[in-house]
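J.: Got a predicted model here, sequence first, then my questions.
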Amino acid sequence: MAIDYLGKELSIGDEVVFMQLRYRGLMKGIIKRLTPHMAIISHEKTNVCSTESKQYHGQMIKILAEKI
């Protein structure tokens, strides 16, 4: 089971916040694929023209939908 930094379960399609590789800025993306230790995250184009990033499960935080 994949768990984020705050202990929430991660699934494909979840929206997450993570640190952009080699930069200090935060990025928002959607989990495209999960492996036992990492996730492939789809996001907007970065400074290095990438639209996907790999992150360890503990290096991201799942965004929870607000309840109305």
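T.: The structure has been received and is ready for your questions. Numbering: from 1, shown residues only.

J.: hey, let's count contacts and neighbours off CA atoms from now on
T.: Fine.

J.: Point me to the residue sitting closest to the centre of this protein.
T.: Nearest to the geometric centre of the chain sits residue 16, at 4.3 Å (C-alpha atoms, centre = their mean).

J.: Quick one: name whatever helix or strand follows the strand or helix carrying that residue.
T.: Following DSSP states H and E, one finds residue 16 within strand 15-19. Using DSSP H and E, the helix or strand that follows strand 15-19 in sequence is strand 26-34.

J.: do you know how far residue 18 is from residue 33?
T.: Residue 18 sits 15 Å away from residue 33, going by C-alpha to C-alpha, to the nearest Å.

J.: Okay, and the closest residue to residue 6 other than its chain neighbours sits in which element?
T.: Nearest residue to residue 6, sequence neighbours excluded (C-alpha to C-alpha, 6 or more residues apart in numbering): residue 61, at 6.6 Å. Under the criterion of DSSP H and E, residue 61 resides in strand 60-62.

J.: and the angle from the helix or strand of the chain with the lowest mean pLDDT to strand 26-34?
T.: Lowest mean confidence among the helices and strands of the chain (mean pLDDT, DSSP states H and E): strand 52-56, at a mean of 92. Strand 52-56 and strand 26-34 are oriented at 80 degrees to each other (axes from the mean of the first three to the mean of the last three C-alpha atoms, to 10 degrees).
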